[in-house]
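J.: what shape does this take:
(chains A and B, ligands or ions: 1)
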Amino acid sequence: MAAITLIEAVNLALAHELKRDNDVVVLGEDVGVNGGVFRATNGLAQKFGKDRVIDTPLAESMIAGLAIGMAAQGMKPVAEMQFEAFMMPAYDMIYNHMARMRLRTRGRITLPMVIRAPWGGGIHAPEHHSDSPEAQCAHIPGLKVVIPSNPSRAYGLLLAAIRDPDPVLFFEPKRVYRIVKHEIEDNGEEYPLGTCFVDREGTDITLVSWGAMMHETLIAADKLKLEGISAEVIDVATISPLDIDTILESVAKTGRLCIVCEAPRSGSWASEIAAQVAENGLFNLLAPIGRVTGYDTTMPYYKLEKQFMPSVDRILEEARRLLEYK
Amino acid sequence: MSTTPVAKFAIERVQYLDPTGKPLTKNLPDFAKDKDLLRSMYRNMVRLRTFDAKAYALQRTGNMGTYPASLGQEAIGIGYGTALKKEDVLVPYYRSTGGLLMHGVSMLEIFLYWGGDERGSDFKVAREDFPIAVPIATQCLHATGVATALKYRKQQRAVVTEIGEGGTSEGDFYEAINVAGIWNLGVVFFINNNQWAISVPSEIQTNCETYAQKGIAAGIESIQVDGNDILAVYDVSKKALEKARAGKGATLIEAVSYRLCDHTTADDASRYRSKDELEKGWDSEPVKRLRAYLESLKAWSDADEEALQKELAAEIEAAVHAYKTFPAPKPEDMFDTLFAELPKHIQQQRAEAIARGAKHVGGHH
Ligand SMILES: Cc1ncc(C[n+]2csc(CCOP(=O)(O)OP(=O)(O)O)c2C)c(N)n1
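T.: Below you'll find the predicted structure:
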């Protein structure tokens, strides 16, 4: 069992499902011969053939629309959008069609499909390559939105996404594509969608995050520990449907909540989590809910991206502020 | 069953020089004898090539971000760029460095842009040109909007936009040429057909014999040119721009070229493209071709070349120096041009960012 990166785990899960289920196909720009610009589909076209791993013309609305048609026939397309921001031309397909087909047809037509996209900032990319649009996607009823934070979760959650009878948006935190390695057994075991992961147990404060920001959040928890503060750390993993119960239980225990995400603050998924905790867990809170997020500005060109994104220090500052409330 | 004959179509292909720089016809356009013009086109192609080489070097040494070069496609941007007037509007895509340089955008600005600094998009000269479009094909619709405004105000100005051949698969491209046809807009669509959309070749991109013919369905004049023959590119650009300024409608120009570099510094073309093909590509490249023609006119010498290289090296070194010593962007830059007046809640965030930025130490590059 070799230790592999998050991007290799995506590749492993795709290969597993392509092999297991003939209805699974992979499609997108540059996913074939080139194996994807990040190499998520590396070697798959060579192994499974061009009918299963399909290089498409450069047109995102077409890719999503095509996948909708295929899924309606019971195939299980896994479409790649080259970067999260280039999903926008397909937004009409995603919002108006992919998310609503089951409802509109009273379950007659269902769409077992996945759209994958590299997501988030921090890799010094050109503009339009560093956004975090999970909240605007999670806002769409009828969609599941998943963001794994590490290799094992990428493998297990992608398997679940492909096998899910409904459409799933699967956002891959590109900043940590190659940072952490996990030993993964290619046993086809999925992780459940719609369930948070409690990564550290703690009693003083709950830190909630997802995707690449989990790494800063875990580092912050370790630093807090050195100060004698016990932080519980939760990886949301499935943005929608949100497993609020795990978060509420944790807040009931710790009394303090700090949510970390790299998207702009207003209307972010941190806001949704804060709202739900305020609605259902207010009286367990000892302090206001804290949000550590990007600013309400466009993700800047990369010279300023570090200043835009939450840092370990920012998380620590906010956590310490919340701990001042007794 | 009846049929309605609509039209038969053929795509005109313009080319004046063969790959060795020999004229293919005795009837070259008049400008082909204008040595100053030709020397200037040559100079600008070499300028772009030298700029690209420097940009690559900066990226490789960690001084700049991802960069898409124009190696092998210099005749396109420099060709239409030579035909552009100051008052025309350029709506570029990320590989329009040639057109931007010709329209007065500085090397420093282009370095800043690819170096991840917003100030690179605040063109000091080309004030009405659009910033570089990274999302594919969106620029085509912006160009039609600009052309609509120019028409509404009855201005005799043209709009040029450029797109890769892969980009012509996007809906935005078809929507743009369609509306340009209906409203007879003064816009020139330049397809930079460098044969590859990252790893995807034409067989996967289109079932058409040419990309130019896509314009026929939109009812706009559509031409193909040898995109490595700057005489041809300049000729069709000049005519199309004059037509646009005169209110006579849009033109779609497919310039057939070849990408001699990787897609960007982040790409490795050897994964999907054969060495043989690349080597063959060098046989028809545009810089060598114009130089041979210039030499045949006795309009260029080794001494000229040496002087040009020296002059360009100095210009580029100065631009690199200006780039490397350019003051670092400040945290407030994220906010200050977001709105005409920054909403209150964001003013607080601005103050926070400044306070945090003050703690950040570290150089610009
Ligand atoms: C809407 C959108 N989708 C995908 C991308 C990613 N991408 C950047 S360049 C490129 C290929 C473009 O090829 P082509 O249009 O032929 O132009 P070239 O780069 O070859 O000049 C792709 C897929 C993007 N920038 N925008």
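J.: what separation is there between the closest residue to B:Gly164 other than its chain neighbours and B:Leu290?
T.: Of all residues beyond its chain neighbours, the one nearest B:Gly164 is B:Asn192 (5.4 Å), with distances taken as CB to CB, 6 or more residues apart in numbering or on different chains. Every residue, glycine included, has its C-beta placed from N, CA and C. Distance of B:Asn192 to B:Leu290, given as CB to CB, to the nearest Å: 18 Å.
J.: cool, B:Pro331 as well?
T.: Separation of B:Pro331 from B:Leu290 (CB to CB): 47 Å.
J.: of the two, who's got more company?
T.: Taking other CB atoms under 10 Å in any protein chain shown, B:Pro331 and B:Leu290 do not tie; B:Leu290 has more neighbours (26 against 23).
J.: what score does that one have for pLDDT?
T.: We have a pLDDT of 98 for B:Leu290.
J.: same deal with B:Val6?
T.: Per-residue pLDDT puts B:Val6 at 83.
J.: ramachandran angles for it?
T.: Main-chain dihedrals, B:Val6, degrees, to the nearest 10: phi -100, psi -70.
J.: for it, grab the count of nearby residues.
T.: A count of nearby residues for B:Val6, using other CB under 10 Å, gives 7.
J.: now it: how far from B:Ile216?
T.: In terms of CB to CB, B:Val6 sits 10 Å off from B:Ile216.
J.: same check on A:Lys303?
T.: Per CB to CB, A:Lys303 is found 45 Å from B:Ile216.
J.: and the contacts of stretch A:202-210?
T.: Stretch A:202-210 is touched from outside by A:134, A:147, A:149, A:216-217, A:220-221, A:224, A:229-237, A:239, A:247, A:250-251, A:253-261, A:269, A:273, A:315, A:319, A:322-323, with contacts defined as CB atoms under 8 Å, 6 or more residues apart in numbering or on different chains.
J.: in that stretch, what counts as buried?
T.: A:202, A:204-210 (16 or more other CB atoms under 10 Å in any protein chain shown).
J.: name the helices or strands packed onto whichever strand or helix holds B:Arg291?
T.: Using DSSP states H and E, B:Arg291 maps to helix B:286-296. Judged by 3 or more CB pairs under 8 Å, 6 or more residues apart in numbering or on different chains; DSSP states H and E, the packing partners of helix B:286-296 are helix B:35-60, helix B:74-83, helix B:230-245.
J.: format the ones you listed as CSV; extra columns: mean neighbour count and distance to A:Lys76.
T.: Listed next are the helices and strands packed on helix B:286-296 as CSV, based on neighbours: other CB atoms under 10 Å in any protein chain shown; distance: least, CB to CB, whole Å:
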stretch, mean neighbour count, distance to A:Lys76
helix B:35-60, 19, 39
helix B:74-83, 28, 42
helix B:230-245, 23, 47
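J.: for B:Tyr16, find the nearest of those.
T.: Of all the helices and strands packed on helix B:286-296, helix B:230-245 sits nearest to B:Tyr16, with 4.2 Å by CB to CB.
J.: which elements pack onto the closest one?
T.: Where contact means 3+ CB pairs under 8 Å, 6+ apart, helix B:230-245 is packed against strand B:12-14, helix B:35-60, helix B:74-83, strand B:159-164, strand B:187-193, strand B:221-226, strand B:251-256, helix B:286-296.
J.: give me the phi and psi for B:Asp88.
T.: Dihedral angles for B:Asp88 - degrees, to the nearest 10 - are phi -70, psi 170.
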